[in-house]
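K.L.:
Sequence first, predicted model second:
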Amino acid sequence: MAIPCLRYNKRLQHGFQDRVIQNLPPKADLWIQAASVGEAFLACEILQNMQPVYPVKILLTTYTLQGMKILQSCFNETSPEPDNMTVFTSYFPFDKPSIMAKALHCIQPKLIVLLESELWPGLLSHSLKEKAKVLVVNGRMTEKSLSRYNIWPTLWKSLRPTKILAMSEEDCCRFSTLFGKDIVELMHNIKFDRLEPVDTLEKSNNPLLSIIKPNRHFVVLGSVRQEEETEITSILSNITNRNSDLIIGLFPRHMHRLNFWKKTLAEKSLPWKLRSEITTPVKEGCIVLWDTMGELSHAYSLANAAFVGGSLAPVGGQNFLEPLTFGLRPVIGPHWSNFYWIGKEIIEQKLVLQVNTWQDVSQLLLANSTNNITREETRKAVREYLHSRKGGTQKACEAITGYLSP
């Protein structure tokens with residue numbers, strides 16, 4: 001009943017005719033569903049490493065416009081489509097039974113690949129009717145999701161996929177609880193294959209050098225979430241009072257929080273400037289409130305110390321791997337469940353410095369702003385950590401090509 005109204009949803013109006021199968025999808029041997037941006041990158045990683053012996057037609061689908069842009073750019077002039085692969089893109093259909101039945105009848109896939117946490121009853125039901133295999137790759141399932149599925153476990157057992165490759169032991173256990181151990185295997189997360197420390201620490205082409213000089217002590221508070229703003233305000237006051245030589249880069253995760261920070265910094269009498277208004281080198285003791293996009297990586301590459309947000313409040317954490325790839329050991333709070341797939345060993349090896357309170361964050365940022373750990377040492381340790389966890393893409397490709405073999 002809601003579907004006609006969804007045409008006016010800003011996110012869903014893109015490709016709406018695909019979503020209701022007014023545009024008929026092409027026939028394909030392999031259908032890969034990538035929910036949004038993160039999964040789209042995983043789909044591209046798989047396709048760029050697949051080496052099918054026989055010609056294969058592949059349909060890539062996603063929910064979002066951003067995901068579609070990534071899928072459509074997966075192959076280009078510098079990375080052309082392999083001879084044995086023909087790739088199509090479309091938006092993922094609504095999981096209404098009649099719509100999904102029509103989609104599967106048109107596509108007639110031999111194999112459907114669902115990335116990470118994609119479990120749709122309409123799709124799974126009609127894949128059984130069409131005798132299409134279903135492979136979950138890089139599978140993940142939270143305890144919260146498992147509890148929801150277990151409201152009706154017999155339904156999900158009747159719709160279980162052909163095979164599940166889960167990204168961690170914990171995820172294997174949850175999938176096994178729902179579907180049975182016989183179809184679940186462990187794989188390394190494909191995201192490890194996409195990670196590599198920056199090969200060169202050459203900073204001469206960093207656009208921020210015009211405002212942050214290399215000899216300045218620069219601290220970054222990256223991807224700060226609304227839920228932790230009280231703690232971040234305390235950190236800013238604390239480290240500014242204790243070291244007046246620091247330059248601090250404050251990066252809100254969402255731009256609509258800029259007005260809050262303008263008001264808060266003024267009320268606390270903390271010296272600050274908007275990034276967009278800075279054209280000359282920043283003076284010591286200044287907080288730079290970042291109101292421009294796309295510069296966080298550049299800031300990490302220049303920083304002496306960094307805190308990665310989303311971790312002082314129970315919102316799952318933000319990406320702390322980004323500073324690591326630049327040889328910078330980040331500080332995070334106690335909440336990082338979105339990144340448990342990386343492994344607790346990264347904390348035990350002190351590549352990521354996890355603490356419990358904003359006071360501990362302040363202490364570490366002040367200490368790290370003058371530490372002697374070289375970026376080369378960190379990059380070497382990160383490369384060793386990642387090397388032992390690579391190989392997920394290869395396992396996924398082998399499973400996919402195995403199901404597609406005549």
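P.N.:
Sure thing, it's come through.

K.L.:
okay, now the domains of this structure?
P.N.:
3-195+390-404, 207-381 (automatic domain parsing).

K.L.:
Format those domains as JSON lines; extra columns: mean neighbour count.
P.N.:
All C-beta atoms are positioned from the backbone trio N, CA, C, and that covers glycine. Output for the domains of the chain, formatted as JSON lines (neighbours: other CB atoms under 10 Å):
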{"stretch": "domain 3-195+390-404", "mean neighbour count": "18"}
{"stretch": "domain 207-381", "mean neighbour count": "18"}
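
K.L.:
residues in contact with the helix or strand bottoming out on mean pLDDT in the chain?
P.N.:
Least confident helix or strand, the chain: helix 3-6 with a mean of 88, by mean pLDDT, DSSP states H and E. Contacts with helix 3-6, where a contact means CB atoms under 8 Å, 6 or more residues apart in numbering, come from 12, 16, 19, 20, 94, 96.

K.L.:
Just send those back as a markdown table, with distance to residue 281 and secondary structure too.
P.N.:
Shown next, in a markdown table, are those (distance: CB to CB, whole Å; DSSP: H, G, I helix; E, B strand; the rest coil):
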| residue | distance to residue 281 | secondary structure |
| --- | --- | --- |
| 12 | 46 | coil |
| 16 | 50 | helix |
| 19 | 50 | helix |
| 20 | 55 | coil |
| 94 | 53 | coil |
| 96 | 58 | coil |
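
K.L.:
Please, which helix or strand holds residue 178?
P.N.:
Using DSSP states H and E, residue 178 falls within helix 169-179.

K.L.:
For residue 128, which non-adjacent residue is closest in space?
P.N.:
residue 159 (7.2 Å; CB to CB, 6 or more residues apart in numbering).

K.L.:
That neighbour contacts residue 124, doesn't it?
P.N.:
Yes. The pair residue 159 / residue 124 is scored as a contact, 3.9 Å apart, by CB atoms under 8 Å.

K.L.:
which residues sit in contact with residue 298?
P.N.:
206, 207, 208.

K.L.:
Name whatever forms a beta bridge with residue 62.
P.N.:
residue 91 (DSSP bridges).

K.L.:
From residue 349, how far out is it?
P.N.:
As judged by CB to CB, to the nearest Å, residue 62 and residue 349 stand 35 Å apart.

K.L.:
cool, residue 64 as well?
P.N.:
Look at residue 64 and residue 349: by CB to CB, they are 35 Å apart.

K.L.:
Residue 54 in helix, strand or coil?
P.N.:
Secondary structure, DSSP: H, G, I helix; E, B strand; the rest coil: residue 54 is coil.

K.L.:
which secondary structure element contains residue 45?
P.N.:
helix 37-49.

K.L.:
what's that helix packed up against?
P.N.:
strand 30-33, strand 56-62, helix 65-72, strand 111-115, strand 133-139, helix 190-193, helix 392-404 (3 or more CB pairs under 8 Å, 6 or more residues apart in numbering; DSSP states H and E).

K.L.:
which regions of this structure lie under the pLDDT threshold?
P.N.:
Confidence mapping of the chain against pLDDT under 70 gives the ranges 77-78, 199-204, 372-373.

K.L.:
Can you name the residues in contact with stretch 160-176?
P.N.:
Residues contacting stretch 160-176 (CB under 8 Å, 6+ apart): 114, 124, 133-143, 145-146, 178-180, 183-189, 340-341, 392, 395-396, 399, 403.
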